[in-house]
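Colleague: Generate coordinates for the sequence data below:
(one chain, ligands or ions: 1)
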Amino acid sequence: MNKIKVAIIGAGNIARSCHMPAYNKRDDVEVTAVADINFERAKAFAADFGIPKAFASAEELLSNAECDYVDICVWNGSHAPCAIAAARHGKGILCEKPMAASLEDALEMQREIEKADVPFMLAVCTRYSPQVQLLKQMITEGKLGDIYFAKTAYTRRRGTPRGWFTDTKKSGGGPVIDLGVHCIDRTWYLMGNPRPVRVSASASYAIGDYQTKGVGRWVAMDSDVTAFDTEDSASGIVHFENGASLMFEASWAQNAPGESFTQILGSKGGARFDPLTVYGEECGYLTDNTPTCGTADVFYEEIDHFIHCLRTGEKPISGLDQAVTMQRILDGIYRSAKEHKEVEI
Ligand SMILES: NC(=O)c1ccc[n+]([C@@H]2O[C@H](COP(=O)([O-])OP(=O)(O)OC[C@H]3O[C@@H](n4cnc5c(N)ncnc54)[C@H](O)[C@@H]3O)[C@@H](O)[C@H]2O)c1
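Modeller: Modelled structure (predicted):
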């Protein structure tokens, strides 16, 4: 089997700790090059993982390295320029979540990707957990009936990442765009990706740049960024064309325990995870079933799906249209919170 060639753009934490280990597990993919605006970092990354070429920019990489697709692992605000450059060079694109730092950037990416007609997939890893995949199959087979409501949360009591994450110019926003994208995306996926029409949301900036001791935080490669203009938390409700709705909460800092869950309500049954429990009725009695799902390397599964799509020509489960729609939801949440009113998506 021919090896698929991938080049990594962004030699930071997610590339180092999650994407490279996934590539290292397979022998049908070759990582041909890496680029980072911090060239020393790109060179160190190449040396550590035995990658033949390192570059100081996406453009340099695209002009000099062979690849079938690029794996974009840069700041949110750099997703659009890197993806647009890749599309113009005719390369496929696997792009870390969120698609972009703004809807405007996402729409420009969409135009360029469609013009170039290159494969694109948004890397939304939580779709690939066994419990999400099992529940998706059950919902698709109609076991829960019609899905009319869902709620989800990805909240931390104190867990604001350090570095560019808190600088809106580089991140596009705080926990909504960082964590909300995960829990809203996987819930929307389970609901069958209905068309969003309206959103009502609020955001809080009450806690800010706290100095709490003894708490763990994700630290970006450049942790000296001092800008801090992102929200602490947000919550709201997204309404869909089919009448269903999705309630969400996302926070980096709140004065309550953090949680991560998705709950789906259907006309025949319901479900909640983590861990997955399916609520139903059998022989006139209520049942709570807890399937044994195990765990998976969700980054491996996500990359595996993209490679499968490249080889077969199948459409990824989180392709361009869904990525743009997800960005419209994120944009609607921020607009609604800013304008203190329900907005159309
Ligand atoms: N799927 C997940 O669970 C998950 C978890 C963490 C981060 N992420 C995403 O991964 C991306 C990277 O996050 P991270 O934590 O690795 O950040 P990071 O700061 O550790 O690494 C980002 C790297 O990108 C480089 N960079 C920025 N702009 C660039 C450009 N235009 N060209 C080349 N290099 C550029 C930076 O120099 C840095 O080395 C973000 O989009 C983030 O949302 C996803």
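
Colleague: Every contact and neighbour count from this point should use C-alpha atoms.
Modeller: Will do.

Colleague: List the buried residues in stretch 109-123.
Modeller: Going by neighbour count (16 or more other C-alpha atoms under 10 Å), the buried part of stretch 109-123 is 109-110, 112-113, 116, 118-123.

Colleague: Show me how far it is from its chain's centre.
Modeller: Averaging C-alpha positions (C-alpha atoms, centre = their mean, to the nearest Å) puts stretch 109-123 16 Å from its chain's average.

Colleague: Quick one: mean pLDDT for that stretch?
Modeller: Across stretch 109-123, pLDDT averages out at 98.

Colleague: Any part of that stretch near the ligand?
Modeller: No: judged by C-alpha under 6 Å from any ligand atom, stretch 109-123 and the ligand are separated, with a smallest distance of 6.7 Å.

Colleague: what's the first-to-last distance across that stretch?
Modeller: With C-alpha to C-alpha, to the nearest Å as the measure, stretch 109-123 spans 15 Å from end to end.

Colleague: Need the residues that contact that stretch.
Modeller: 80, 83-84, 87-88, 90-99, 302, 306, 310, 316-320, 323-324 (C-alpha atoms under 8 Å, 6 or more residues apart in numbering).

Colleague: Inside strands: which ones of those residues?
Modeller: Within these, residues falling in strands by DSSP state E are 92-96.

Colleague: related to what we said a few turns ago, just the contacts of stretch 109-123 that are near the ligand?
Modeller: Applying C-alpha under 6 Å from any ligand atom to these, those adjacent to the ligand are 96-98.

Colleague: Same list, the residues you listed, but as a markdown table with neighbour count please.
Modeller: Below are those laid out as a markdown table (neighbours: other C-alpha atoms under 10 Å):
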| residue | neighbour count |
| --- | --- |
| E96 | 21 |
| K97 | 24 |
| P98 | 29 |
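
Colleague: and of these, the nearest to S235?
Modeller: P98 (17.9 Å; C-alpha to C-alpha).

Colleague: quick one: that closest one and I177 touch, right?
Modeller: Yes: using C-alpha atoms under 8 Å, P98 is in contact with I177, at 6.5 Å.

Colleague: Next, give me the two most distant ones among the buried residues of stretch 109-123.
Modeller: Longest span within the buried residues of stretch 109-123, C-alpha to C-alpha: A116 and A123, 19.9 Å.

Colleague: Show me which residues of the stretch 101-250 of the chain are close to the ligand?
Modeller: Checking the stretch 101-250 of the chain against the ligand by C-alpha under 6 Å from any ligand atom, the hits are 125, 178, 220-222.

Colleague: In this protein, where is pLDDT below threshold?
Modeller: Along the chain, no part satisfies pLDDT under 70.

Colleague: Remind me what the lengthiest helix in it packs against, helices and strands.
Modeller: Ranked by number of residues, the top helix in the chain under DSSP state H is helix 320-339. Applying 3 or more C-alpha pairs under 8 Å, 6 or more residues apart in numbering; DSSP states H and E, one finds that helix 320-339 contacts helix 103-116, strand 120-123, helix 181-190, strand 196-204, strand 343-344.

Colleague: chain center to it, what's the gap?
Modeller: 13 Å.

Colleague: start the count at 246, not 1, going forward
Modeller: OK, 246 is where the count begins now, so the last one is helix 565-584.

Colleague: Can you mark which positions in it are buried?
Modeller: If you call a residue buried by 16+ other C-alpha under 10 Å, then helix 565-584 has these buried ones: 565, 567-582.

Colleague: what do you get for stretch 380-399?
Modeller: Quick answer for stretch 380-399 (16+ other C-alpha under 10 Å): 380-381, 384, 388-390, 392-399.

Colleague: Done for today, thanks.
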